[in-house]
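In: What follows is a predicted structure for the sequence shown.
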Amino acid sequence: MSLFSHHVYLISYADTQDGPIKFGYSHNPPNRLKQLQTGNPRQLFIYGNLGFKDERAARVVEKIILSYLKENKVNVNGEWHNININMGLQILEFFPDNAEKLFEPTEIKDGKIINFIDLIADSLEKKIINEDEYDLLREIFWNDDEYQFTNFVEELKKIT
């Protein structure tokens, strides 16, 4: 995480894959995990992270994700959402995985999201993001050096 100081993270309980999940923005996701863990009797875990060099890009991605979840009415309580870990990781990972499919429509095949990068265009159309933010994300995701996706599921398997 050291090269990328702006993060959109996915946190949930370590003992289930069913959720609920929390997406958020932080300069230091492990510290944020500690804050969330305080007062929580169940162990929390960072399942995924999308790191950026550019703070604005990270905040725009977080805004798009949270807007998408709100629109789909999967909110459980506050910042927690009622979707499972795998779906959360797909949402987080779709930005870099689908950079070449910017204008293709959403497609779900065999229960797996193949492409829903149109969230960026949809967010522009709905005025969730502006044209500058749209252009920034297009630029960021065409340059592999500007972001990094990390899936920590294998790490959880090692400690449990």
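Out: Received it, and whenever you're ready, just let me know what you need.
In: helix/strand/coil for residue 32?
Out: With DSSP: H, G, I helix; E, B strand; the rest coil as the basis, residue 32 sits in helix.
In: ok, now which ones touch the residue nearest to it when sequence neighbours are not counted?
Out: Closest residue to residue 32 apart from its sequence neighbours, by C-beta to C-beta, 6 or more residues apart in numbering: residue 26 at 4.2 Å. No exception for glycine: its C-beta is placed from N, CA and C like everyone else's. Applying C-beta atoms under 8 Å, 6 or more residues apart in numbering to residue 26 gives the contacts 7, 9, 32.
In: Could I get the pLDDT score of the residue nearest the centre of the chain?
Out: Geometric centre of the chain, nearest residue: residue 92, 3.2 Å, by C-alpha atoms, centre = their mean. In this model, residue 92 is scored at 86, pLDDT.
In: With residue 81 instead?
Out: What the model reports as pLDDT for residue 81 is 92.
In: May I have the residues that are in contact with it?
Out: Residues in contact with residue 81 (C-beta under 8 Å, 6+ apart) are 19-23, 69, 74-75, 88.
In: Please report how far it lies from residue 18.
Out: According to C-beta to C-beta, to the nearest Å, residue 81 and residue 18 sit 12 Å apart.
In: after the worst-scoring helix or strand of the chain on mean pLDDT, next one along is what?
Out: Across the helices and strands of the chain, mean confidence by mean pLDDT, DSSP states H and E is lowest for strand 112-115: a mean of 56. Scanning forward in sequence from strand 112-115 by DSSP states H and E, the next helix or strand is helix 118-125.
In: Dump that next one to CSV, keeping only the CA atoms.
Out: Extracted C-alpha coordinates of helix 118-125, given in CSV (Å, rounded to 0.1, in the frame of the first residue of the first chain):
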residue,chain,number,x,y,z
ASP,A,118,-21.0,1.8,-17.1
LEU,A,119,-21.3,2.9,-13.5
ILE,A,120,-18.9,5.6,-14.3
ALA,A,121,-20.9,6.8,-17.3
ASP,A,122,-24.1,6.3,-15.4
SER,A,123,-22.7,8.4,-12.6
LEU,A,124,-21.9,11.2,-15.0
GLU,A,125,-25.4,11.0,-16.6
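In: That's all I had, so thanks and see you.
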